[in-house]
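Asker: Below: sequence and its predicted model.
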Amino acid sequence: MTEKPVFDRLIEAATDLFLEKGYHGVSIRSLAEQANTTSAMVAYYFENKHGLFDAMVRYQFGKFLDIAVESMNPETPLSFKPFVSGTLKLFNENPRLAEFFIKTTPADSGPGSDYMKKLFQTGQQMVAEHGEMLKQKGLIKQDIDVEVVRILCMSITLIPGYMRETLLEAYGEEQYAIFIERYSDLAGSMLTDAVKA
């Protein structure tokens, strides 16, 4: 089996260590050790710890953006199920991602907070533009508040993502998979019905 590239190992190490110890509790040396590399490689790829933290936040939130962009394809019928199921699948494949999301989204969460504010504003603008286009095409209700819908989408996916371990333990793997499918169907349908013209 081929070892992952140093860049990827550093991003993974940063995610684990920043979640576990917080930004100020992590040293460049511990990041390098966790990634099985040297401190010089942190400087080479990211300049410093702040650069690595920022790159890690961009990388992890990029996964959400990919799903959101994919789900907003104006060529397909309006449905929120792909967004809900795609996000929950992402949380399932990356068990600590919901925790990461919760710890990094507060406005004062540390050095990544500037990026988080920009990301929030970019998402707000992207959804507003997409919502306007859908309204003009008559695909969603004219009076729908797309910003409320955006935050609702975040909420209905974050809670089951954060509860993943508890749900797995309560249901077992097979029933958990069935639950996620049913949850995606219901939550996706409710959102679709609420906004569809």
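Answerer: Okay, I see it.
Asker: going forward, measure contacts between C-alpha atoms and count neighbours the same way
Answerer: Noted.
Asker: Show me what whichever strand or helix holds Glu147 is packed against.
Answerer: Per DSSP states H and E, Glu147 falls inside helix 146-162. Applying 3 or more C-alpha pairs under 8 Å, 6 or more residues apart in numbering; DSSP states H and E, we find helix 146-162 packed against helix 81-93, helix 97-104, helix 113-136, helix 164-195.
Asker: quick one, that helix and helix 113-136 angle?
Answerer: 120 degrees (axes from the mean of the first three to the mean of the last three C-alpha atoms, to 10 degrees).
Asker: the bottom helix or strand of the protein by mean pLDDT?
Answerer: helix 97-104 (a mean of 80; mean pLDDT, DSSP states H and E).
Asker: Could you pull up the mean pLDDT of the one helix or strand Ala32 maps to?
Answerer: Per DSSP H and E, Ala32 falls inside helix 28-34. Helix 28-34 comes out with an average pLDDT of 94.
Asker: tell me how far it is from the chain's mean position?
Answerer: How far helix 28-34 lies from its chain's middle: 25 Å, per C-alpha atoms, centre = their mean, to the nearest Å.
Asker: Give the next helix or strand downstream of it.
Answerer: Next element after helix 28-34 (DSSP H and E): helix 39-46.
Asker: ok, and what's touching the following helix or strand past that following helix?
Answerer: Note on helix 39-46: by DSSP H and E, the next helix or strand toward the C-terminus is helix 49-71. For helix 49-71, contacts defined as C-alpha atoms under 8 Å, 6 or more residues apart in numbering pick out 10-12, 14-15, 23, 27-28, 42, 45-46, 80, 82-83, 86-87, 90, 97, 104, 111-112, 115.
Asker: Now do helix 49-71 and helix 113-136, the angle between them.
Answerer: Using the same axes, to 10 degrees: helix 49-71 against helix 113-136 is 10 degrees.
Asker: So for the residue nearest the centre of the chain, what pLDDT did the model give?
Answerer: By C-alpha atoms, centre = their mean, the chain has its centre lying nearest to Phe64, at 3.9 Å. Here the pLDDT value assigned to Phe64 is 81.
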